[in-house]
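1. starting from these lines, generate the structure:
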Amino acid sequence: MKYVTALFSLGLMFIMAACSCRTCDESKIIHISPKMAENAREFIEAYTGQEFYEKFIVLDKIKTEYNNKNYKLVYVIMIPEKTFFRGEISFYMDSSGTVNTNLPVSGIPNCLDNPGDCDFAIDETMAREIAKANSFEKGIKDWMVSVVWNDQYQKYVWYILSTIYESQGSNGYIGEGHYLIIDINNGKILEKNNWKVR
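-> Prediction:
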């Protein structure tokens, strides 16, 4: 079961990293108050610092939403000279501007305490080369490769997933393979493991 869960989690992260809304109805855009915007900025800057925030972080008005007395605020990290990287920050805030830290906080790199976690030095070509150099199996089809935020390591990473067997029949999908987690900042392999769906 843990392999199924791992595969589902990886697949979900790939989908979230790959998808963006370009045709949404602008009438559904959620507007936040100036106080909320300022408090959100201060919350993020406590991790990233002011300079990083001002240069690279913007509110995603399409993905920001309101539900059950909480706003889910979504911000995007975009670094012009590193087009391979796109980060997504999300956290929850009430209408008074108070961040709800009892709900998930995701995607904020801690540049102040760990400056190296904001280097984003490894592009996709380099990540693939690292995988090959560490004998990561090619598999039966192209690798799935994506940049995602990893809650366990509290940083952005490259996920590379290979498939060594799969079939689709009356019993549903069956497959197995390997996945690799690479630190996007320094190329260190953080995790190498198997996935399996039966």
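
2. show me where the protein has strands.
-> Under the criterion DSSP state E, the chain carries strands at the ranges 57-59, 65-67, 70-78, 86-93, 144-150, 155-169, 172-183, 189-197.

3. quick one: contacts for Asn114?
-> Applying C-beta atoms under 8 Å, 6 or more residues apart in numbering, we find Asn114 in contact with Lys155. The C-beta positions use only the backbone N, C-alpha and C, and glycine is treated the same way.

4. and it, backbone torsions?
-> For Asn114, the backbone dihedrals are phi -130, psi 80 (criterion: degrees, to the nearest 10).

5. so it versus Ile182, what's the distance?
-> 17 Å (C-beta to C-beta, to the nearest Å).

6. likewise Ile79?
-> Taking C-beta to C-beta as the measure, Ile79 falls 18 Å from Ile182.

7. out of those two, which sits in the more crowded spot?
-> Legend: neighbour count by other C-beta atoms under 10 Å for Ile79 and Ile182, higher for Ile182 (26 against 16).

8. for beta bridges, what are the partners of the closest residue to the more buried one other than its chain neighbours?
-> Leaving aside its chain neighbours, Ile182 sits nearest to Trp158 (4.2 Å; criterion: C-beta to C-beta, 6 or more residues apart in numbering). Counting by DSSP bridges, Trp158 forms beta bridges with Val147, Ile182.

9. any idea how many residues pack against Trp158?
-> Going by other C-beta under 10 Å, the residues that sit close to Trp158 add up to 26.
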